[in-house]
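**Q** the following block contains a protein sequence and its predicted model.
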Amino acid sequence: MVDAIEAIYERRSIRKYLDKEVERDNIMTLLKAAAAAPTAANCQPWEFIVIDDAEKLSEMKEKFTFARYNAPVAIVVCGNMKLAFKGPGQEMWVQDCSAAIENILIAAASIGLGSVWIGVYPIESNVKAVKKILNIPEHVVPLGIVYVGYPAEEKEARTRLNEKRVYWQEYEPSRKHRSKDKPVIGHY
């Protein structure tokens, strides 16, 4: 295991995996890390669907042309609206579940696994497809898919801190930033 800061820097989107099964203990470690995430008013709206069946993984990949990676495991992180924060803050489930996903990604890096986050919500066609394939009820919303496996590619550890995007005490609207217009495909 590596320390937390090192794992954060080592976390990279891995899209090529070895043909090697991920042990159940490692999957449970990732799920425990996910459930250790912060959550609004301790609602813990997350639910996890672990897919390690080759047929079900193929069905998922079939629907998502931008996510056809050979990972042996997919963890679908969902928000259960019956558990989510009530009232005007209900959409905080997205932040709660995103924190859970980030914990999975960092934990994977710390134990030598590779991972990639595939966005599902809020793209309605993606939400409907995942719900149908995985028999998810109406009150549960799939936020994202995390593919996990032993990496078949290496990427250098890094941070993408751009100090031009750091402000001290207050925002400076006069600063100019170049925007990067990228197509929306659901990858993080």
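**A** That came in fine, so what should we check first? Since this is a predicted model, take the numbers as computed values, not measurements.

**Q** where does pLDDT dip in the protein?
**A** Counting by pLDDT under 70, the ranges of the chain that qualify are 1-2, 180-188.

**Q** can you show me the helices along it?
**A** In the chain, the helices defined using DSSP state H lie at 4-10, 24-34, 54-63, 92-110, 124-134.

**Q** deepest of these, which one?
**A** Comparing these by mean neighbour count (mean count of other Cβ atoms under 10 Å), helix 92-110 comes out on top with a mean of 22. C-betas here are computed from N, CA, C, even on glycine.

**Q** what angle do helix 24-34 and that one make with each other?
**A** Relative orientation of helix 92-110 and helix 24-34, computed by axes from the mean of the first three to the mean of the last three Cα atoms, to 10 degrees: 140 degrees.

**Q** now the helices of the chain in a markdown table, with distance to Lys164?
**A** As requested, these are exported to a markdown table (distance: least, Cβ to Cβ, whole Å):
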| stretch | distance to Lys164 |
| --- | --- |
| helix 4-10 | 20 |
| helix 24-34 | 32 |
| helix 54-63 | 38 |
| helix 92-110 | 24 |
| helix 124-134 | 33 |
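
**Q** relative to Thr159, which of those helices is closest?
**A** Closest to Thr159 of the helices of the chain is helix 4-10 (Cβ to Cβ; 5.8 Å).
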